[in-house]
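Novice: just to be clear, the model below is a prediction. Sequence and coordinates:
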Amino acid sequence: MPDVGGPVAPPPPGGGSELFNLVVKLMPRLDPIGGVREVTELEDVLTYFRTRTPPDFSIKAGLLLRQRQVGGPYLVAQCFLSKADTLSCDSFGHPYGRIFRTLEFDGGLRDLFRHEDLIVFT
């Protein structure tokens, strides 16, 4: 994956909701992170992309999707996008990435999300 210095692509038409629904269907196959984080920081997200990018040459971007849970924290999916604009998966069909819950985002992530639920990092 190229430099993950920040987002450069707008969300797909219709925002991230359709993509998030797909990720939620695949959720049992993503690496879960237990508990609820107080705050998720931009630096943690970038570090994950830098250090956990799979050895797959088809990966072109990282995705960060969020969905507010009713009366609770955000459910967040951090995944990788292929050059074919699909979720990058291993040979068993399991998507690369992780799922976690957070109460809030630091200023850097709030600025990047604005009023959207998807950030694309390249």
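Specialist: Noted; the coordinates are in hand. Residues are numbered from 1 along each chain as shown.
Novice: so who does Glu104 touch?
Specialist: If a contact means Cβ atoms under 8 Å, 6 or more residues apart in numbering, then Glu104 has 38-40, 74 as its contacts. Backbone N, C-alpha and C define where each C-beta goes, glycine included.
Novice: so how far is Val39 from it?
Specialist: 5 Å (Cβ to Cβ, to the nearest Å).
Novice: show me the strands in the chain, by range?
Specialist: Secondary structure of the chain by DSSP state E: the strands cover 7-9, 31-40, 59-68, 74-82, 97-105, 118-121.
Novice: ok, of these, where does mean pLDDT dip lowest?
Specialist: Lowest mean pLDDT of the strands of the chain: strand 7-9, a mean of 40.
Novice: okay, the contacts of Glu104 in CSV with neighbour count and distance to Asp56 next?
Specialist: As requested, these are arranged in CSV below (neighbours: other Cβ atoms under 10 Å; distance: Cβ to Cβ, whole Å):
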residue, neighbour count, distance to Asp56
Glu38, 9, 32
Val39, 12, 30
Thr40, 22, 25
Tyr74, 20, 27
